[in-house]
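S.K.: what's the 3D shape of this:
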Amino acid sequence: MHYYNYTVTDTNFNVRLIAATSLRSHYEITFPTPRPTSWQEGNTVYGDFFVPQTMKRVPLVILVHGFGDESVAPCLTMARLLVRQEIATFVFYLPIHSRRLPEAMKGSFSPTSQEWLETYQSSVTEIRRLVDWASDRKEIDPKRIGVAGISLGGMISSIAMAVDGRIFVGVFIVIGGNMEELSWGGKSGAIPVGHTCTREECHTVYSQYPAYLNEVIQKGLENAVPAKECFLYDPLTFANRLQGRPILMINAKEDEVISEHSTLNLWEAYGRPRLFWLPVTHAGVYSQSALISTEITHFLNSI
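M.R.: As a prediction, this is how the structure comes out:
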């Protein structure tokens, strides 16, 4: 899986205690990205690590936010709720978060498909480095490390789980599959999830996608030739690697961004895992942190 492989050249993880109570500790973690971006500011990874005060090893959920800084807030809320249930959490800041962007790119991030691929590669390999680090922590059960991502973060999380067998569970929130459908199928019109094509150009490119998926299954991702970079970060490309693995999908019934068809397409490709529908819009999911945290807790405890 060379598109999402990495080489460790710097193993320095900086751990700084932010706060501690009788119930939990909160640390800021920074480390160098294993897959540098084309902008220097993006090459330091940031995260908030919450760990319960307990004598036993606990599960870890890596929480991955979506597009835009405002999507971090529900992840931080979920982190604090999950740690009360003796689940350690790590809120991971994507390379597109403002703290990792140069000033000129803040508020105007409109990447090409190649730059989107670079963003996905950096993000996925950074999650994998987090798994390296967490697996050696005395507080963490290395066999119970999971990912949970919202929107773009859910798509990135799904790829990370697909390429790294150490990630034992995935919770994917308001995501779907097929980049053409993701880009153009929502009620709100086109969204910038990884395309710079017109609708007609996108349709022409994606007419080749079914054949590419068959090639991936038959020959492996490394030997299949994508018509465009977006094939390499489409969640559907990796879905066959997640069949039979513990997955919870949480989607929004009134989602104006991710179409129901896109969600069900991915759900089918995963082998029909548990799918929970919330009666909200795409952004409305951000107000459901408490309910989502409860669902994550129940799901982890059921495995």
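
S.K.: Return the helix or strand in the chain with minimum mean pLDDT.
M.R.: Least confident element among the helices and strands of the chain, by mean pLDDT, DSSP states H and E: helix 179-184 (a mean of 83).

S.K.: Tell me the helices and strands packed up against it.
M.R.: helix 199-206, helix 260-270 (3 or more CB pairs under 8 Å, 6 or more residues apart in numbering; DSSP states H and E). For every residue, glycine as well, the C-beta is placed using N, CA and C.

S.K.: so which of these gets nearest residue 152?
M.R.: Smallest distance to residue 152 across those (CB to CB): 13.8 Å, for helix 260-270.

S.K.: between the longest helix seen in the chain and helix 199-206, how big is the angle?
M.R.: As assigned by DSSP state H, the longest helix anywhere in the chain is helix 113-135. Inter-element angle recorded for helix 113-135 and helix 199-206: 60 degrees (by axes from the mean of the first three to the mean of the last three CA atoms, to 10 degrees).

S.K.: Dump the C-alpha coordinates for helix 113-135 into PDB.
M.R.: This file holds the C-alpha atoms of helix 113-135, laid out as PDB (Å, rounded to 0.1, in the frame of the first residue of the first chain):
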ATOM      1  CA  SER A 113      -6.600  17.000  -7.000                       C
ATOM      2  CA  GLN A 114      -2.900  16.300  -6.600                       C
ATOM      3  CA  GLU A 115      -2.800  18.600  -3.500                       C
ATOM      4  CA  TRP A 116      -5.900  16.800  -2.100                       C
ATOM      5  CA  LEU A 117      -4.000  13.500  -2.500                       C
ATOM      6  CA  GLU A 118      -1.100  14.900  -0.700                       C
ATOM      7  CA  THR A 119      -3.400  16.000   2.100                       C
ATOM      8  CA  TYR A 120      -4.900  12.600   2.400                       C
ATOM      9  CA  GLN A 121      -1.500  10.900   2.300                       C
ATOM     10  CA  SER A 122      -0.100  13.200   5.100                       C
ATOM     11  CA  SER A 123      -3.300  12.700   7.200                       C
ATOM     12  CA  VAL A 124      -3.400   8.900   6.900                       C
ATOM     13  CA  THR A 125       0.300   8.400   7.600                       C
ATOM     14  CA  GLU A 126       0.100  10.700  10.600                       C
ATOM     15  CA  ILE A 127      -2.700   8.600  12.000                       C
ATOM     16  CA  ARG A 128      -0.600   5.600  11.500                       C
ATOM     17  CA  ARG A 129       2.300   7.200  13.400                       C
ATOM     18  CA  LEU A 130      -0.100   8.000  16.200                       C
ATOM     19  CA  VAL A 131      -0.900   4.200  16.300                       C
ATOM     20  CA  ASP A 132       2.900   3.600  16.500                       C
ATOM     21  CA  TRP A 133       3.100   6.000  19.500                       C
ATOM     22  CA  ALA A 134       0.000   4.900  21.200                       C
ATOM     23  CA  SER A 135       0.800   1.200  21.000                       C
END
